[in-house]
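Chemist: Predicted coordinates and the sequence they were generated for:
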Amino acid sequence: MATADLTVLALGREGASASEYIAEIQRRLAKQERVRYRMHAMGTSLEGTTEDILSVVGELHAVPFEQGIPRVYTVLKLDERRDKEQSLADKVRSVEERLEDQSRWRTS
């Protein structure tokens, strides 16, 4: 399984708000079943096979173009482990456990 962080930036749009095309990206993600996703304040986290993630990202990159935006800049961070399965939740849990361990050490 791979995890990824995706940000799609529509350049050359009128106004500063990006919510219109971001909402459409989220609607497209909701319609597909290849990757799991979670929107956050600065983009969207994805989980799935590398092939599925890359395919979905290609489709999402096109969304602003379909809305008449002249230029789209997409940032994708992709992390794939082949030694074990690791979900987004697993990654967060691992760090939280380390923080708990550190907290116990400081209060002891």
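Modeler: Looks like it came in fine.
Chemist: Buried residues in the helix or strand bottoming out on mean pLDDT in the chain, which are they?
Modeler: When the helices and strands of the chain are compared on mean pLDDT, DSSP states H and E, helix 88-107 comes out lowest with a mean of 84. Using 16 or more other Cβ atoms under 10 Å as the test for burial, helix 88-107 gives L88. C-beta coordinates here come from the backbone N, C-alpha and C atoms, glycine included.
Chemist: Can you list the neighbours in contact with it?
Modeler: With contact meaning Cβ atoms under 8 Å, 6 or more residues apart in numbering, helix 88-107 is reached by T3, R36, R38, S45, E47.
Chemist: Most neighbours among those residues, which one is it?
Modeler: When neighbours are counted by other Cβ atoms under 10 Å, T3 leads the contacts of helix 88-107 with 22 neighbours.
Chemist: Residues in contact with the helix or strand hosting L9: which ones?
Modeler: Under the criterion of DSSP states H and E, L9 resides in strand 2-11. Residues from elsewhere that reach strand 2-11 (Cβ under 8 Å, 6+ apart): 18, 21-22, 25, 42-50, 53, 57, 60-61, 63-64, 67, 69-81, 86-88, 91.
Chemist: Tell me the strands beside it, with direction?
Modeler: Looking at strand 2-11 with DSSP bridges, its partner strands are strand 43-48 (antiparallel), strand 71-80 (antiparallel).
Chemist: For A18, which non-adjacent residue is closest in space?
Modeler: Sequence neighbours aside, A10 is the residue nearest to A18 in space, at 6.2 Å (criterion: Cβ to Cβ, 6 or more residues apart in numbering).
Chemist: Show me what the one you found bridges to in the sheet.
Modeler: The partner list for A10 in beta bridges (DSSP bridges) reads V72.
Chemist: Mind giving me the packing neighbours of the strand or helix carrying E20?
Modeler: Per DSSP H and E: E20 is located in helix 19-31. Where contact means 3 or more Cβ pairs under 8 Å, 6 or more residues apart in numbering; DSSP states H and E, helix 19-31 is packed against strand 2-11, strand 36-40, strand 43-48, helix 50-61, helix 63-66.
Chemist: tell me the angle that helix makes with strand 43-48.
Modeler: Here the directions of helix 19-31 and strand 43-48 differ by 20 degrees (axes from the mean of the first three to the mean of the last three Cα atoms, to 10 degrees).
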